[in-house]
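Engineer: predicted model and sequence follow; I will ask about them next.
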Amino acid sequence: MMEEYRGVWVFIEQNDGKIEGVSLELLGAGRKLADKLEVPLSGVLLGYKVKPLSQEVISYGADQVYVIDHEVMKDYRTESYMQAVINLAEKYKPEIFLYGATANGKDLASAVATDLSTGLTADTTMLDVELEKRLLEASRPAFGGNIMATILCKKHRPQMATVRPKVMKALEPDPRRQGEVIEEPITLKEEDMRTKVLKIVKDVTKKVNLADAHVVVAGGKGMGDLQGFQLIHELADTIGATVGGTRDVVEAGWLPHEQQIGQTGETITPKIYFAIGISGAIQHIVGMKNSEFIIAINKDPEAPIFDVATYGIVGDAMEIVPKLIKQFKEARERGGEISYV
Amino acid sequence: MHIVVCVKQVPDTKIIKINPKTNTLDRRSAPAILNPYDAHAVQEAVKIKKMLGKGIISVLSMGPPQATAVIKKSIEIGADRGFLISDRAFAGADTLATSYALSKALERISKENPVDLIICGKHAIDGDTGQVGPGIARRLDIPPVTNVIEVSELNESESTVLLKRKITSGYELIQAQVPCLLTVEKEINSIEYSPMPNMIKAARYEPVIWSVNDLEDVDRTQLGLKGSPTIVGKMFTPPKPEGGKRLEGNADEQVKQLMELLSDKKELFAPQ
Amino acid sequence: MSEKFDVIVVGAGPAGTSCAYTCAKNGLKVLQIERGEYPGSKNVMGGVLYRKQMEEIIPEFWKEAPLERPVIEQRFWMMDKESSVSFGYKGLEWGKEPYNNFTVLRAPFDQWFAKKGVEQGVLLINETVVLECLTENGKVVGVRTDRPGGDVYADVVVLADGVNSLLAKQLGYHKEFRPDEVALTVMEVINLSKDKINDRFNLEDNQGCTIEIFGDSTKGNLGTAFIYTNKESVNIGVGTTLSSMIKAKLKPYDLLDYLKTHPMVRPLIEGGESAEYLAHLIPEGGYHSVPKVAGDGVLLVGDAAQLVNAIHREGSNMAMASGKMAAETIIEANKRDDFSEASLNQYREKLYQSFIIKDLEKYKDAAHTFEHYPQYFKEYVPMMNRAASKFFTVDGTPKRDKQKEIMKSITSERGTIRVLQDMYRAWKAVK
Amino acid sequence: MSTKTIEEKQYLIRFKADTKSHLTVLDHDICMTKCPDKICTIFCPAEVYKWEGLRMQVGYEGCHECGSCRIGCPYQNIKWEYPKGGHGIVFRLA
């Protein structure tokens, strides 16, 4: 039975006619898996007036795109999207099906997996296949990032996983790439829907969301005063990072409490963490020690932050940070697109 | 209005320790707590009940007998009663088998007192999957709304509820038909310090414990380890760059070295 | 009005739980309030649990309680920088019923003990701080907790809130401690395999050992150190009076590391992995600082009543015994329906007739003596070590001459009269 | 691993810190002008107190609730309360 299932699928998440970055990254990762398994890579594109996006999906590596273009699919809703995806999967039987681990991707994948009675691995950060049994090896952090677990789904198909954004690498798009666009009809009616999206409100206030940030620039009392702390904001703006701070900084009123990292604030695991002018009191360290790549800048060579830092710079933040900002800005100008070396 | 909140007992991952030799969890290091997101789910149920001025809040959990602790904790927050399904048959369940077992328990609860709203935490901090909530909704064939940050305008005559759902770029305003299932974010409310009478009530409360035999129409092949399509292949310590390295040279040289080190991470940077 | 109980017990350590358990077992309606996440989460002791007082509350508790090892050997070290004079006793009879004492880890043990109370009908509430005793006309009638709607009432309130007992201070039953009345003790639990513990301490699986260390373990300050063996870990700790710590400008954790890396100690814990670090105060005032223990509607038990024998490191047993005595008093008072100070003073009488106050009285001058005459720790321990070294070194000197030499060196260091004075003073203090 | 520094020791412990401190230095001027030793920064077993030149920094999140600072402060300058119910240090072992 399992032999009927062939091919690697990627759910293409789009919002307002724009494909989410994670979906393009997944096409890159899915391409590798499909090549290893010697099967086609397919994108699943749902929405209203989204068919023109098919070529973009192909240019990022897909061989095929399944498209359902219908008004009922205009905004993401579990009910409608789930039904459409289930129908496709039952008809075409992919062996691997990947989704971005976004709010919508996780939501959709959970409902689909339940319906198809198959396994789903959440928040994957590493993907591979074992060729003999054509097993997807989906690895993910567990227990607050303290350990990695490789999850297998041996007897059920499709093997499904949601994958964290900014982990996989998208391919360079090739606009000349050829692929097949398969349009599927849908019978869902708006009247049958039990949920309605009344409106979508874009958050223009750019609310700080430390928990989801990939890059965090955090400052401590070592920044001297409120004015010195502006350097932290400046660096963060330059590289598109989120600003955080220690309890001292919050107590001094340089940052609101939501931006406090540590025991009485947020516990975070970004991919890059800049600790600038932070000595590294344990109360702070417990909140960030599982970050993947930690860069510490501090005057005091004995500061405990250096023990957890991947790379340490012993020096004056007031001197180092402006240089860093300058380098980042220059690199961008040099590169045309973002390039830093 | 009958609200059921699904809760889970989890090890406190903030302080968890992994034995580096065996890659297993050092249980002694990890106290069992009520999943923090689920605490917000219970709190939201209490808020809704207060808003309506009536209703009943049940909590449901699956786990070993000592998981009654999280039901008592929920009573402290303000739930009225609690059910624990506990049986060897449920052991080793992944998210698919868990949502099956919980949906069976929900069917039984609903038989006695129809359920209008099911609330779950966004995810459990030990698994971080967020899959059980939507799974339950699918099994009960009710709409799920995940990542909810606000519940308002519960219209009982129309059987609708107005919800704010958090998405990457902001939020959606959703009208959902009741019964439905919500999973909530932490920011939906703040946990109140439970009043003393609730504490006394919780200390006295004996949760209802159901075994698999107390549930109806159960397909045992869908339970526990047997009913779980996923298995853990292996556990390993995450590949983390080695710490403790210092950059050398003067400020300019150090900054240059750092830029080189960051060069393979450039897609993480995007100017605002 | 809020619910009324027969008894409210503040605190779920050994004293509080002994009292709550005994009251509930005798049919009283008991509310026990613990400020920690669970009983034991705020409680610290070296780790020796005495069998006798526990058994008087729960017979044959060792068959189900989470104990570590029965202690079959107690060692005492007079430790110098690179040497140690030791003595001790090892008796296999202590490894059999009815046992003498056990090593325990407090968090699991206190949880278990409190659960036994709950099984008897105690209503246990965790995570709740008692802010003050509620009084009416000078009589304690209940407590105010830090929770909304937090007042609860009872005929009797038992203060088992530990060494810091802010409640007893509020009632004016005792004044604030002086730094010389408390010992600050820090300890670590160090994980070590069962085999290593058995090998290094010369034990078998179900045998435990305790070592009390004097002298260089505290860098000569008034205090002691200890090492206790658990199943797969050891507790190692050191404490001195807070006043000594202040006087010598000692960082307690530095002292602990000094102990852990001491050449006499290090081999015992080598390769172990630290699992927990704990600090706690021990009331050491002894007999002289026992506060008023009974008032109108209120009783003090355990550390809150400062029932600790600093010389013998006994505390939990006194806590349990006092908790039980308080319970017995309350049961009697309940029959009489009289919770006045006069009625509850029965507890005071019981306490003063028991081993608790008798022992405290016996050693009432000990800590004081040692605090004021630091030579006991600073000079005599090294002297003993030098003497032993001299005596046991085989160098062809006749033993009789060696003894003379040793006596001569001791008296020449401090003078004969002063040595005799010191000996007499010490003997009087601990006799 | 054996612990060497106080930071490493404190790592071993579980704290459920409240957002509000249960320890209050009543008058920072006293620390500054009257207390050259600042002995609390030495005997506190958790290094909760750190002198920052102008004021006493109180890292209450790592407090063991032992009471030493209340008793040992030569000027009774520390207001000492229990953390809110369920908060503060949580011992798991001894």
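Structural biologist: Thanks, I have it. Numbering: from 1, shown residues only, chains lettered A, B, ... in the order given.
Engineer: flag the shaky bits of chain D, pLDDT-wise.
Structural biologist: Low-confidence segments of chain D (pLDDT under 70): D:1-4.
Engineer: do that again at 90, thanks
Structural biologist: Low-confidence segments of chain D (pLDDT under 90): D:1-19, D:52-55, D:57, D:61, D:92-94.
Engineer: can you map out the strands along it?
Structural biologist: D:14-16, D:23-25, D:49-51, D:56-58, D:78-80, D:88-90 (DSSP state E).
Engineer: count the residues that sit near A:Asn87.
Structural biologist: Residues near A:Asn87, counting by other Cβ atoms under 10 Å in any protein chain shown, number 16. Quick note: C-beta positions are derived from backbone N, CA and C, even for glycine.
Engineer: residues in contact with C:Asp303?
Structural biologist: C:Gly13, C:Ala15, C:Gly162, C:Val163, C:Ser165, C:Ile282, C:Pro283, C:Gly315, C:Ala319 (Cβ atoms under 8 Å, 6 or more residues apart in numbering or on different chains).
Engineer: adding mean neighbour count and distance to chain A as columns, could you present the strands of chain D in JSON lines?
Structural biologist: Formatted as JSON lines, these follow (neighbours: other Cβ atoms under 10 Å in any protein chain shown; distance: least, Cβ to the nearest Cβ, whole Å):
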{"stretch": "strand D:14-16", "mean neighbour count": "22", "distance to chain A": "6"}
{"stretch": "strand D:23-25", "mean neighbour count": "18", "distance to chain A": "13"}
{"stretch": "strand D:49-51", "mean neighbour count": "18", "distance to chain A": "8"}
{"stretch": "strand D:56-58", "mean neighbour count": "20", "distance to chain A": "7"}
{"stretch": "strand D:78-80", "mean neighbour count": "17", "distance to chain A": "17"}
{"stretch": "strand D:88-90", "mean neighbour count": "23", "distance to chain A": "11"}
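Engineer: of all of chain D, which residue lies closest to chain C?
Structural biologist: D:Gly86 (2.9 Å; Cβ to the nearest Cβ).
Engineer: could you check how many residues crowd around that residue?
Structural biologist: 20.
Engineer: nearest residue to B:Thr230 other than its sequence neighbours?
Structural biologist: Using Cβ to Cβ, 6 or more residues apart in numbering or on different chains and skipping the chain neighbours, the partner closest in space to B:Thr230 is A:Gly119 (3.7 Å).
Engineer: partner residues bridging C:Ala225?
Structural biologist: C:Ile213, C:Val238 (DSSP bridges).
Engineer: for it, grab the count of nearby residues.
Structural biologist: Neighbours of C:Ala225 (other Cβ under 10 Å): 29.
Engineer: tell me who's in contact with it.
Structural biologist: Contacts of C:Ala225 by Cβ under 8 Å, 6+ apart are C:Glu212, C:Ile213, C:Phe214, C:Ser217, C:Thr218, C:Ile236, C:Gly237, C:Val238, C:Gly239, C:Leu259.
Engineer: of all pairs in these, which one is the farthest apart?
Structural biologist: Largest separation among these by Cβ to Cβ: C:Phe214 and C:Ile236, giving 15.0 Å.
Engineer: those two: which has the busier surroundings?
Structural biologist: Between C:Phe214 and C:Ile236, counting by other Cβ under 10 Å, C:Ile236 is the more crowded of the two (26 against 21).
Engineer: go ahead and confirm that one touches C:Val186.
Structural biologist: No. Counting by Cβ atoms under 8 Å, C:Ile236 sits too far from C:Val186 to count as a contact (9.8 Å).
Engineer: overlap of the contact sets of the two?
Structural biologist: With Cβ under 8 Å, 6+ apart as the test, C:Ile236 and C:Val186 both reach C:Leu256.
Engineer: residue contacts, the residue in the stretch 101-250 of chain B that chain D sits nearest to?
Structural biologist: Closest to chain D within the stretch 101-250 of chain B is B:Tyr193: 7.2 Å, counting by Cβ to the nearest Cβ. Counting by Cβ under 8 Å, 6+ apart, B:Tyr193 touches C:Asp146, C:Arg147, C:Pro148, D:Lys84, D:Gly85.
Engineer: distance of it relative to C:Val129?
Structural biologist: Going from B:Tyr193 to C:Val129 by Cβ to Cβ, to the nearest Å gives 11 Å.
Engineer: list residues touching both of the two?
Structural biologist: C:Asp146, D:Lys84, D:Gly85.
Engineer: to what extent is the residue nearest to the second one when sequence neighbours are not counted buried, counted in neighbours?
Structural biologist: Once its chain neighbours are removed from consideration, D:Lys84 has its nearest residue in D:Asp18; the separation is 5.0 Å (Cβ to Cβ, 6+ apart). When neighbours are defined as other Cβ under 10 Å, D:Asp18 has 16 of them.
Engineer: and D:Asp18, how far from A:Gln263?
Structural biologist: 10 Å.
Engineer: which residues touch B:Val255?
Structural biologist: Contacts here follow Cβ under 8 Å, 6+ apart; on that basis B:Val255 touches A:Ile313, A:Ile320, A:Lys323, A:Leu324, A:Gln327.
Engineer: which element is it on?
Structural biologist: helix B:251-261 (DSSP states H and E).
Engineer: what comes up buried for that helix?
Structural biologist: B:Gln254, B:Val255, B:Lys256, B:Leu258, B:Met259, B:Leu261 (16 or more other Cβ atoms under 10 Å in any protein chain shown).
Engineer: doesn't D:Lys16 make contact with the residue of chain D closest to chain C?
Structural biologist: Yes. At 6.6 Å, D:Gly86 counts as touching D:Lys16 under the criterion of Cβ under 8 Å.
Engineer: now do the shared contacts for the two.
Structural biologist: Between them, D:Gly86 and D:Lys16 share these contacting residues under Cβ under 8 Å, 6+ apart: C:Glu37.
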